[in-house]
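# Okay, predicted coordinates and the sequence, questions at the end:
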Amino acid sequence: MREENIVIIGAREHNLKNVSIEIPKYKMIVFTGMSGSGKSSLVFDTVYAEAQRQLLDTFSSYARSRLPKIAKPDVDEIKNLSVAIIVDQKRLSGGSRSTVGTITEIYTYLRLLFSRIGEPLIGESALFSFNSPEGMCSQCQGLGKQIIVDENSLVDMNKSLAEGAIKHPDYKVGSLPIKLIAETNLFDMEKPLKEFTTDKLNQLLHSEKTYLEEHKLNRLYKISFEGIITSLKRRYLNKEDTDIKDSNKKAKLSFLQQVPCHECQGTRLNKKALSVKVNDKNIAQLCEMELTELQSFLDSLSGKLVNTIVQAMQNRLQYLIDIGVGYLSLNRTTATLSGGESQRVKMAKQLGCNLVDLIYILDEPSTGLHPRDVSKLLNILKKLRDLGNTVLVVEHDPTIIESADYVIDVGPRAGVNGGQVVFQGIVNELKKASTITAKCLINQSMNTSSRRKGSSFLEIDNANLHNLKNVSVKIPKKVFVCVTGVAGSGKSTLINNVLAQKYPKAIKIDQSPVGRSSRSNPATYTKVFDIIRKEFSSATGRDASLFSFNSKGACPRCKGLGVLEVEMHFLESVTMICPICQGKRYQPEILDLKYKGKNISQVLQMTAGEAINFFENREIKRRLKLLEEVGLEYLELGQSLSTLSGGEAQRIKIVSELHNHGNIYIMDEPTTGLHMADIERLIKIINKLVDTGNTVVVIEHNLDVIKSADWIIDLGPEGGSKGGTIIAQGTPEAITKIDKSYTGEYLKAYL
């Protein structure tokens, strides 16, 4: 008999307050609550972490001895766990060789199809793989692109070599390569390059590596010379960005341009592979089709050899189309997918899995989905459940909450004021409860202020990038503009690419991670840590640098990080608390130094809200109150910014912009990760930015945000090739009257 509940006893991970709860299995359970309330601590850091730990415990002692021990989450006991699979929004990795086709394995079946019925018949599926020597284009090694050196930006013809005529960082004045060029005696180092003969310039830039037999130093070591562009090509071409481990990488790569490979025209395959056709199409042409188009093409194929292969492909294609990414193509590299697209591709992949009694854990799967597509998503989640699995969803979208079999509401608020289960049960019971989520579900409609009108405009003329079809639009300035449309309709292309390129001073406040390293935290980001260290220095009479975990006071084992990352080879790497400092980051003698009874490590463990009350310094209070203003008072001062969700990262970036005016702000789905109550707060922040004379352009699917905007630009009608046109523009009220606008249709019901 199957156990019907996952039983959690005494969960205390992060801000959880000794939570004991039973989670019903084989149902779709939605975990909701304000950002930072402890939902993720319960679902990811407790349930998933323990499921992963127990799975590793089933390995042989030999296998376990080769793997680091995963620390048990801070929980007394969890019973009745199954194997857990996370379907998150982490971008799919795999570099340039990983595509939608390879990750979903549809391309594997397509190769098999061509090897069986392609004409001329070859019978070898490896020939159609751009990752195998038999199939790849020999010029680009199957990458489909080549990198060329941009000679115009590399060389300043008015300068001599001694004055820095070569602008690449490797060849700066006084560098070793420049000294070696001088040592060859082949070139006049003082003569401007424009005075070089064509042959001499060609030798300097393009000559192959040659040994200088006559050189006087040749008896000491072999002197050689290689043209500068030849050398750069050898060192940097056809390498993934990730292969170049260098702090100056961006500057070095800026002289290189990526273009489609001239040999294979970007198809990645050699001529032999491209010569094979099925119904007059080669494999590359099928990979360029949108998935919906490919599905129609496959419908036209039949026969004994074909049916099994086509059926397997059609099943996978149908999952991808059902989940709202039918506008993608098989040759789309996975690195270019958004977080939401990555998650939906992973989800479609799981639907092809025949294992049952799994726990699927999803992190805000509605991200990036238009209200029209949320119903498709719900069908997929229910399908996973109906296969005999438990589906745990961390979500804020009211439609998904209302469709759950069971809801667990975590709160009551965020950070130290959260960490408790404030409600569990069915949705109808939730609506009678007194939680913040319940109040927001009942009272979804917010008052909208009168609409502002723009008197001047940001203009875009005839934009044709990606799927945009000659789009011209006037975006009103100094108002709150919302750009809407289904996934893949062209919103991001129009705003993040075209608008941002035309107005380069526009400030993008997106969901990309904040801070380059795991050492960045809210205290360093708001620059409040410098003042805190001075306060400690004044109170203790010791040097302020001792209180920096990046300097003298840091724990020598973890170098002030508080944790150690252990590589797990074929599994995800595991982060462990430093055994020397126990996560406190500092040497013991530093922890003996106190300010108002607290040491520096204890202060870093305070939330911004607690620190506002703890410190008397007015500048510390002012800076931390900005975090409070954007609803991030629950963040710990020392919490690594790499742990922030996309929505939190976006809001912490807004902190530094709150008192500026006259700017253009571009926000890409700022409601990601936000509870309905936090969305109200976000709308107030956006209005505050607009009221101080800024233009705010927001790409968004959330109906509360859309209906609060002054002006809407709706793209569509569909995604991919069926999108890229402006369907409607005007006030929210005007949009509801336009029949062909999906946004208008959902907004009408909402208003």
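That came through fine.
# what ranges do the helices span in the stretch 251-400 of the chain?
Counting by DSSP state H, counting those that start in this stretch, the segments of the stretch 251-400 of the chain that form helices are 271-274, 283-288, 291-299, 304-322, 339-351, 371-386, 398-402.
# for the stretch 51-200 of the chain, same thing?
With DSSP H, counting those that start in this stretch as the criterion, the stretch 51-200 of the chain has helices at 61-65, 100-104, 106-117, 151-154, 176-184, 198-206.
# for those helices, which one ends up most surrounded?
Ranked by mean neighbour count under mean count of other Cβ atoms under 10 Å, these are led by helix 100-104, which reaches a mean of 23. The way it works is simple: take the backbone N, C-alpha and C, and place the C-beta from them, glycine included.
# In PDB, list the C-alpha atoms belonging to that one.
Output of helix 100-104 as PDB, limited to C-alpha atoms (Å, rounded to 0.1, in the frame of the first residue of the first chain):
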ATOM      1  CA  VAL A 100      16.700  22.400 -28.300                       C
ATOM      2  CA  GLY A 101      17.100  19.400 -30.700                       C
ATOM      3  CA  THR A 102      19.900  17.700 -28.800                       C
ATOM      4  CA  ILE A 103      18.500  18.400 -25.300                       C
ATOM      5  CA  THR A 104      15.100  17.000 -26.100                       C
END
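# out of everything not next to it in sequence, what's closest to His661?
Among residues not flanking His661 along the chain, Gly693 sits closest, at 4.0 Å (Cβ to Cβ, 6 or more residues apart in numbering).
# typo on my end, Asp357
Ser82 (5.0 Å).
# how about the one you found, what does it touch?
Ser82 makes contacts with Lys25, Ala51, Asp357, Leu358, Ile359, Thr390, as judged by Cβ atoms under 8 Å, 6 or more residues apart in numbering.
# Would you format the helices of the stretch 251-400 of the chain as JSON lines with mean pLDDT and mean neighbour count included?
JSON lines is the format used below for the helices of the stretch 251-400 of the chain (pLDDT from 0 to 100; neighbours: other Cβ atoms under 10 Å):
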{"stretch": "helix 271-274", "mean pLDDT": "97", "mean neighbour count": "18"}
{"stretch": "helix 283-288", "mean pLDDT": "98", "mean neighbour count": "20"}
{"stretch": "helix 291-299", "mean pLDDT": "97", "mean neighbour count": "17"}
{"stretch": "helix 304-322", "mean pLDDT": "93", "mean neighbour count": "16"}
{"stretch": "helix 339-351", "mean pLDDT": "86", "mean neighbour count": "22"}
{"stretch": "helix 371-386", "mean pLDDT": "92", "mean neighbour count": "18"}
{"stretch": "helix 398-402", "mean pLDDT": "96", "mean neighbour count": "19"}
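# Mind putting those into TSV with distance to His659?
Listed next are these as TSV, based on distance: least, Cβ to Cβ, whole Å:
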stretch	distance to His659
helix 271-274	58
helix 283-288	48
helix 291-299	46
helix 304-322	45
helix 339-351	30
helix 371-386	34
helix 398-402	33
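# Point out the one among those helices that comes closest to Phe536.
Ranking the helices of the stretch 251-400 of the chain by proximity to Phe536 (Cβ to Cβ) places helix 339-351 first, at 38.8 Å.
# Name the surrounding residues that touch the closest one.
Residues from elsewhere that reach helix 339-351 (Cβ under 8 Å, 6+ apart): 85, 87-92, 100, 103-104, 316, 319-320, 322-325, 328, 334, 337, 360, 362-363, 365, 367-369, 377, 380, 383-384, 487, 511, 646.
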